[in-house]
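Q: structure for the following, please:
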Amino acid sequence: MHTNYLSYVLHEGMPAALVKEFFVAHLNRWMCRAYCDRIIKLSATLQDYAAEKEVVCNVHGVRGDFLKIGDGVAAALRRRAAAAAA
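A: You can find the predicted model right below:
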């Protein structure tokens, strides 16, 4: 996540901005809980989406940590495929 949608809503200057912010916050949480396995926030100042799924990581490009995780998953899948073929 890199956009603070709640800030956008509050700064639109609409009379109903607080009501709109309430619905946007809940819609964001609902969508993230339903469709995201992991939420990588670029800043801790963004809203809370799903605490159990969130990690704050200042990403510029692809970090080595994420590549290592992907390599580990790929290796596990290769081992599982080899075991199934044997």
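
Q: okay, and the helix or strand of the chain with the least pLDDT?
A: Across the helices and strands of the chain, mean confidence by mean pLDDT, DSSP states H and E is lowest for helix 5-10: a mean of 80.

Q: list of residues touching that helix?
A: Applying CB atoms under 8 Å, 6 or more residues apart in numbering, the external contacts of helix 5-10 come out as A17, L18, K20, E21, V24, A25, N28, Q47. Just so you know, the C-beta spots here come from the backbone N, C-alpha and C atoms, and that holds for glycine as well.

Q: can I get the buried part of those as one PyMOL selection?
A: Of the contacts of helix 5-10, the buried ones go into a single PyMOL selection, burial set by 16 or more other CB atoms under 10 Å:
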select buried, resi 17+21+24+25+28+47
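
Q: which elements pack onto the next helix or strand after the least confident helix or strand of the chain?
A: Towards the C-terminus, the helix or strand next in line after helix 5-10, according to DSSP states H and E, is helix 17-35. Taking 3 or more CB pairs under 8 Å, 6 or more residues apart in numbering; DSSP states H and E as contact, the helices and strands that helix 17-35 lies on are helix 5-10.

Q: contact partners for the most centrally placed residue in the chain?
A: Central residue of the chain (CA atoms, centre = their mean): I39, 2.0 Å from the mean position. Each residue near I39 by CB under 8 Å, 6+ apart is listed here: M1, C32, Y49, A50, K53, E54, V55.

Q: shaky segments in this protein?
A: Low-confidence regions of the chain, defined by pLDDT under 70, span residues 1-2, 58-63.

Q: try it again with 80
A: Regions of the chain meeting the criterion pLDDT under 80 cover residues 1-6, 8, 12-15, 43-45, 57-67.

Q: where's Y8 relative to V56, distance?
A: The spacing between Y8 and V56, counted by CB to CB, to the nearest Å, is 20 Å.

Q: ditto for A17
A: Following CB to CB, the distance that separates A17 from V56 is 26 Å.

Q: so where's the longest helix in this protein?
A: Of all the segments assigned as helix in the chain under DSSP state H, the longest by residue count is helix 64-85.
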